[in-house]
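Q: With the sequence up front, the predicted model follows.
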Amino acid sequence: MPLIIGVDVGTTNVKVIAYDRKNAVVFKDAASCAMIQLSPEKAEQDPALVLQCVSGLMKKAFEEVGQDKIDAVCFSSAMHSMIVMDKEGNCLTNAWLWGDTRSVAEDIQLRKDGVTDELYKETGVPVHPALPLCKIVWLKKKEPDLFRRAYKFISIKEYIFFKLFGVYIVDHSIAGASGFLNIHSLLWSEKALNVAGIKTGRLSAVVDVTHAETKLKKEYADLFGLKKEIPFIIGSSDGCLANIGTGVFHATEAALTIGTSGAVRTTGSRVVINEKPTLFCYPLTKNIYIRGGAINNGGQVLQWFSGSVMDMPLLSGDDYGAFVKEAFSVEAGADMLIFLPYLWGERAPVWNAQARAVFFGLHAMHTKQHLMRAVMEGINYALYDVFNEITEKEDNIQQVFVSGGFVQSVEWVQMIADIFNKKVVVTDVADASAIGAAIVGLYAIGAVQSLDKVEAATGVGTEFIPDQKNHEIYRGRFAVFRSLYQALKNEFPKLVPGNGNSKFDI
């Protein structure tokens, strides 16, 4: 029976699983590669540490599972990262992550120049400081010497493949998330390249999701103890693969994940570009496209509030459960208290790196439990904001499949059902992106004829039915949530870096 190693490289952890055709996870492990937050605008990751985590976990998987049983390795990774490499293959920078917004001024200038709508229509991704496109524009302007020394601009997954195989390659989805890929031709966009002032040679070669490398460098073949060639399949992005891992293939289904960040996504067979740049559309294969939106402010908001504000750091599942229990001592709607969760700016659907977090409606009878509940509701309202964009013209969604660490809490999942007013299904897939990578691996080696043929194997867990009474409460609060952002969006720039108001101005 085919057995695939799935590797998921995130912004705080690397996860590795071994997965077979019967949906059995026979090995699972993880390692921390924490984000480096140098300032509110600078979010980085040490590429060498990430590679160390990946190689260490793969070595362990090969040893414990047995290399003779493993048919392939396939990769998932977070989107929007960028590393500057020199001609000798050395990193000139850390990996700048999706949460890195140092290029806010460049994003604003591109909007003023009137090129962002054209770029969106060609690339399928709204222009935002998270994109390597904006990061390169910033680099050219602010660090011209470093820009001139740059040989390649690559993502963290491209770095891993370069170190393992000595090649610069990138899959369609990670390329799509860079802001440089023409989603219609699946080639690098001349328009985007011209905006950044670079040629195609400074980017990797774009390859299909099933592309495999087998000529592993000797040092890594020795490290893993490999006596035979095993295909290392490039795979896709974590968001796209979460849809595959949860079996979301139909127009009546959506996938929702909350990790450090969060996202709502659907799967389709064609490119869909919104009239306004509110949602992304990423290619997975030449006939599978993932449409939706990611938010910056998911689980990390809860971590920040519990640790920095409440002095209740979430160090274990018990801590998390205790927080949720206390928050739910307050009824739905948090007694009219609204929280905008934009601690790290925001991606979909507002795409505003200058947005900031706000508590609105505080009065003297509110307690810490009200704030705790409002924080949880605010994160979910942000996700619902994305969902509303997806279903704006036509709502065919009947059920939402959810994954991520938050599914440990039945209260949190029920809140999602109540706010979205949809049936919510907690899948039996613990690590959706890693499972998705493994499924792509099965497809790449010909063990399955198409990706959706594995859908039935993903399993279905607990179903949550919306409470209509709570939904009416949340619907009213959400209307305030949306209007509050609109009322404040012109005020946020006065409070953030780049405008002469912060010690972190770049």
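A: It's in.

Q: Could you double-check that Ala434 lies in contact with Gly6?
A: Yes - using CB atoms under 8 Å, Ala434 makes contact with Gly6 at a distance of 4.1 Å. To be clear about C-beta, it is placed using only N, CA and C from the backbone, and glycine gets the same treatment.

Q: who touches both of those two?
A: 16-17, 19, 76 (CB atoms under 8 Å, 6 or more residues apart in numbering).

Q: Now for those: which two are most distant?
A: The span of the shared contacts of Ala434 and Gly6, defined through CB to CB, is set by Tyr19 and Ser76 at 12.1 Å.

Q: Give me the more crowded residue out of these two.
A: Ser76 (33 against 29; other CB atoms under 10 Å).

Q: The more buried one and Val7 touch, don't they?
A: Yes - using CB under 8 Å, Ser76 is in contact with Val7, at 6.8 Å.

Q: Between these two, which contacts overlap?
A: Jointly contacting Ser76 and Val7 under the rule CB under 8 Å, 6+ apart are 235, 434, 437.

Q: So which other helices or strands are in contact with whatever helix or strand the first one lives in?
A: In this assignment (DSSP states H and E), Gly235 forms part of strand 232-237. Secondary structure elements in contact with strand 232-237, counted by 3 or more CB pairs under 8 Å, 6 or more residues apart in numbering; DSSP states H and E, are strand 72-77, helix 156-165, strand 169-171, helix 172-176, strand 212-213, helix 432-444.

Q: now these as JSON lines including mean pLDDT and distance to Gln109?
A: Below are these laid out as JSON lines (pLDDT from 0 to 100; distance: least, CB to CB, whole Å):
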{"stretch": "strand 72-77", "mean pLDDT": "98", "distance to Gln109": "29"}
{"stretch": "helix 156-165", "mean pLDDT": "98", "distance to Gln109": "27"}
{"stretch": "strand 169-171", "mean pLDDT": "98", "distance to Gln109": "26"}
{"stretch": "helix 172-176", "mean pLDDT": "97", "distance to Gln109": "23"}
{"stretch": "strand 212-213", "mean pLDDT": "98", "distance to Gln109": "39"}
{"stretch": "helix 432-444", "mean pLDDT": "94", "distance to Gln109": "34"}
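
Q: With distance to Leu139 as extra columns, can I get the ones you listed in CSV?
A: Putting the helices and strands packed on strand 232-237 into CSV (distance: least, CB to CB, whole Å) gives the following:
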stretch, distance to Leu139
strand 72-77, 21
helix 156-165, 17
strand 169-171, 18
helix 172-176, 19
strand 212-213, 28
helix 432-444, 29
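
Q: With Val115 as the reference, name the closest of those.
A: Of the helices and strands packed on strand 232-237, nearest to Val115 by CB to CB is helix 172-176, at 18.1 Å.

Q: Beyond that closest one, next helix or strand please.
A: Using DSSP H and E, the first helix or strand after helix 172-176 is strand 181-182.

Q: what distance separates the next helix or strand after that following strand from the centre of its chain?
A: If you walk from strand 181-182 toward the C-terminus, the next helix or strand you reach (DSSP H and E) is strand 187-188. The chain centroid and the centroid of strand 187-188 are separated by 22 Å, computed with CA atoms, centre = their mean, to the nearest Å.

Q: Please list the residues outside strand 187-188 that contact it.
A: Counting by CB under 8 Å, 6+ apart, 175, 180-182, 200, 203, 206 sit against strand 187-188.

Q: for whichever strand or helix holds Arg475, packing partners?
A: With secondary structure defined by DSSP H and E, Arg475 is part of helix 468-488. Judged by 3+ CB pairs under 8 Å, 6+ apart, the packing partners of helix 468-488 are strand 338-340, strand 358-360, helix 368-390, helix 410-420.

Q: Paired strands for the helix or strand following the longest one, with orientation please.
A: The helix or strand immediately downstream of helix 368-390 is strand 399-403, counting by DSSP H and E. On the basis of DSSP bridges, the sheet neighbours of strand 399-403 come out as strand 253-258 (parallel), strand 423-426 (parallel).

Q: re earlier: among the shared contacts of Ala434 and Gly6, which lie within strands?
A: Among the shared contacts of Ala434 and Gly6, DSSP state E puts 16-17, 19, 76 in strands.

Q: can you tell me which of the residues you listed lies nearest to Lys218?
A: Closest approach between those and Lys218, by CB to CB: Val16, at 21.8 Å.

Q: Tell me, how many residues neighbour that closest one?
A: So Val16, with other CB under 10 Å, has 26 neighbours.

Q: Equivalent analysis for Arg475, please.
A: Neighbour tally, Arg475, other CB under 10 Å: 13.

Q: what about it, distance to Thr200?
A: 48 Å (CB to CB, to the nearest Å).

Q: Relative to Gly461, how far out is the nearest residue in space to Met336 that is not next to it in sequence?
A: Excluding the flanking residues, the one nearest Met336 by CB to CB, 6 or more residues apart in numbering is Gly361, at 5.0 Å. Noted for Gly361: a distance of 36 Å to Gly461, by CB to CB.

Q: residues in contact with Phe232?
A: So Phe232 contacts 72-75, 161, 164-165, 212-214, 216 (CB under 8 Å, 6+ apart).

Q: is it in a bridge, and if so with what?
A: Applying DSSP bridges, one finds that Phe232 bridges with Val73, Glu213.

Q: likewise the one 5 residues further on?
A: For Ser237, the beta-bridge partners are Ser77 (DSSP bridges).

Q: Ser403 too?
A: The partner residues for Ser403, given DSSP bridges, come to Thr257.

Q: Can you name the residues that contact it?
A: Neighbours of Ser403 in contact, by CB under 8 Å, 6+ apart: 242, 245-246, 255-257, 426-427, 429-430, 432.

Q: For it, give its distance to Asn296.
A: 19 Å.

Q: about what we covered before: in the contacts of Ser403, which has the lowest confidence score?
A: On pLDDT alone, Ala430 ranks lowest of the contacts of Ser403, at 63.

Q: give me the number of residues near Lys469?
A: 10.

Q: sorry, that was for Leu362
A: By other CB under 10 Å, neighbour count at Leu362 equals 13.

Q: can you list the domains in this protein?
A: Annotated domains of the chain cover 3-239, 299-387+468-495 [automatic domain parsing].

Q: In the stretch 1-150 of the chain, where is pLDDT below threshold?
A: 23 (pLDDT under 70).

Q: Would you map the helices across it?
A: Listed in chain order, the helices of the stretch 1-150 of the chain (DSSP state H, counting those that start in this stretch) span 47-65, 104-112, 116-123, 132-142, 144-149.

Q: Nearest to Pro40, out of those helices?
A: helix 104-112 (10.6 Å).

Q: Surely Phe339 and Met372 touch.
A: No - the pair formed by Phe339 and Met372 falls short of the contact definition of CB under 8 Å, at 9.9 Å.

Q: beta partners for Asp171?
A: Bridge pairing for Asp171 - DSSP bridges - gives Val207.

Q: residues contacting it?
A: By CB under 8 Å, 6+ apart, the neighbours of Asp171 are 157, 206-209, 211, 234-237.

Q: Same check on Ile17?
A: 5-6, 25, 27-28, 431, 434-435, 438.

Q: Who wins on neighbours among those?
A: Using other CB under 10 Å as the neighbour criterion, Ala438 leads the contacts of Ile17 with 35 neighbours.

Q: Would you check how far apart that residue and Pro313 are?
A: Using CB to CB, Ala438 is found at 33 Å from Pro313.

Q: rewinding a little: with mean neighbour count and distance to Asn396 added, can I get the helices of the stretch 1-150 of the chain in CSV?
A: Putting those into CSV (neighbours: other CB atoms under 10 Å; distance: least, CB to CB, whole Å) gives the following:
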stretch, mean neighbour count, distance to Asn396
helix 47-65, 18, 39
helix 104-112, 18, 32
helix 116-123, 19, 24
helix 132-142, 23, 32
helix 144-149, 12, 46
